[in-house]
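1. Got a predicted structure here, sequence first:
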Amino acid sequence: MLFFSYFKELVGKEVTVELKNDIAIKGILHSVDQYLNIKLENSRVVDQDKYPHMLSVRNCFIRGSVVRYVLLPPDGVDTELLHDATRREARAG
Amino acid sequence: MGLGFVEVTERGEAGKPYFDHENGEELMHVEPEIALVFGTNPPESPGTLYISSKRVVWLSDLDRRKGYAVDFLSVSLHAISRDPEAYPSPCIYAQIETEAASGEEDDSDTSDTEPDRKFELSKVTEMRLVPSNPSHLDTLFNVFCQCAEMNPDQDEEDGEDAGWVFGDEEAGDDDAALDEDSGWCFSENFANPIGHSNGVKDNDLSRTILEFQIDDQRFDDAEEMENDTHADSRR
């Protein structure tokens, strides 16, 4: 659940979600749930030439299982903290 | 349970679709007067949408043998689209995961010889739902969200290589574990990982972004670490 908690702290920031079908969607992270389903606001497709029909969709719900990457804002990441937390969780398992 | 759309040709009482109550399927929302659009096809005649806790079912108002259903498990993304450039009418846009597809546009050399040839339902990867009353879009969107959350993926593929890989250990040579369906990984192979990127701000933004690989398996199977025996000897 570490990343669930982690992503929750990014709510309100701009992220880019890349899907397994190669579409990348940029938007403000509205919410995330335990399955890492992601809701974005003011979202838009990054590669608009390729996916013009998705030009801008207001609210967008992305199923956690189709997400490939989440690109985060640099200032939203405290690497050291995250490292510690992940190691701790891995050991606890 | 397959992915993608299926046809619904039978209806129960009051013209509603049959629901699988025994397996906990419940009707969540009914939206009359709503058009269904597959991909770039013209809209189907108006119909009624039944959203259950497991599926989205659309039934034609005119043709009682005509209807389509898709499981929430196949709905990989849904969104409210109000941009007239994207589609002339405000609608719910959704992407559908299909059995074969997964990315490849394999129909380039086949099937689209005639535009109005019967399309292959199981290959439909996009749908739009256009309600006659656009003010219902937010409600529809929220019902979709609610139902999507009720349908998390079951354990699909592998269990084995869903472990953890830390970039600073052996990710470099053991990248078999890094393929699409492996676990989370941190990569420290970036030239400038976060936290060490002094003074390269305008250089290459993407380098300063930490990437995560997200996995279908949640974090509930930490015991699989055992199988994984990566080089971390600290335990």
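-> Cool, the structure landed.
2. Going by C-alpha atoms from here, please, whenever you check contacts or count neighbours.
-> Fine.
3. Name the residues of chain A found near chain B, please.
-> Counting by Cα under 8 Å from any Cα of the partner chain, the residues of chain A lying close to chain B are A:1, A:20-22, A:35, A:37, A:52-74, A:77-80, A:90-91, A:93.
4. Which ones among these map onto helices?
-> A:Thr79, A:Glu80, A:Ala90, A:Arg91 (DSSP state H).
5. May I see the ChimeraX selection of the buried members of the residues you listed?
-> Only the buried entries of those go into this ChimeraX selection, using 16 or more other Cα atoms under 10 Å in any protein chain shown:
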select /A:90
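6. Could you export the ones in helices among the residues of chain A next to chain B as TSV, including pLDDT?
-> Listed next are those as TSV, based on pLDDT from 0 to 100:
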residue	pLDDT
A:Thr79	83
A:Glu80	85
A:Ala90	85
A:Arg91	86
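7. For the spatially most central residue of chain A, give its distance to B:Gly39.
-> Centroid-nearest residue in chain A, with Cα atoms, centre = their mean: A:Val70, separated by 4.1 Å. Going from A:Val70 to B:Gly39 by Cα to Cα, to the nearest Å gives 27 Å.
8. next one: B:Leu27
-> 26 Å.
9. and what of A:Val77?
-> A:Val77 sits 38 Å away from B:Gly39, going by Cα to Cα.
10. repeat for B:Phe144
-> 19 Å.
11. Comparing the two, which shows the higher neighbour count?
-> B:Phe144 (27 against 16; other Cα atoms under 10 Å in any protein chain shown).
12. Now do the contacts for that one.
-> By Cα atoms under 8 Å, 6 or more residues apart in numbering or on different chains, the residues touching B:Phe144 are B:Ile51, B:His78.
13. That one belongs to a helix, doesn't it?
-> Yes. Judged by DSSP: H, G, I helix; E, B strand; the rest coil, B:Phe144 forms part of a helix.
14. and B:Leu140, what helix or strand is that in?
-> helix B:137-149 (DSSP states H and E).
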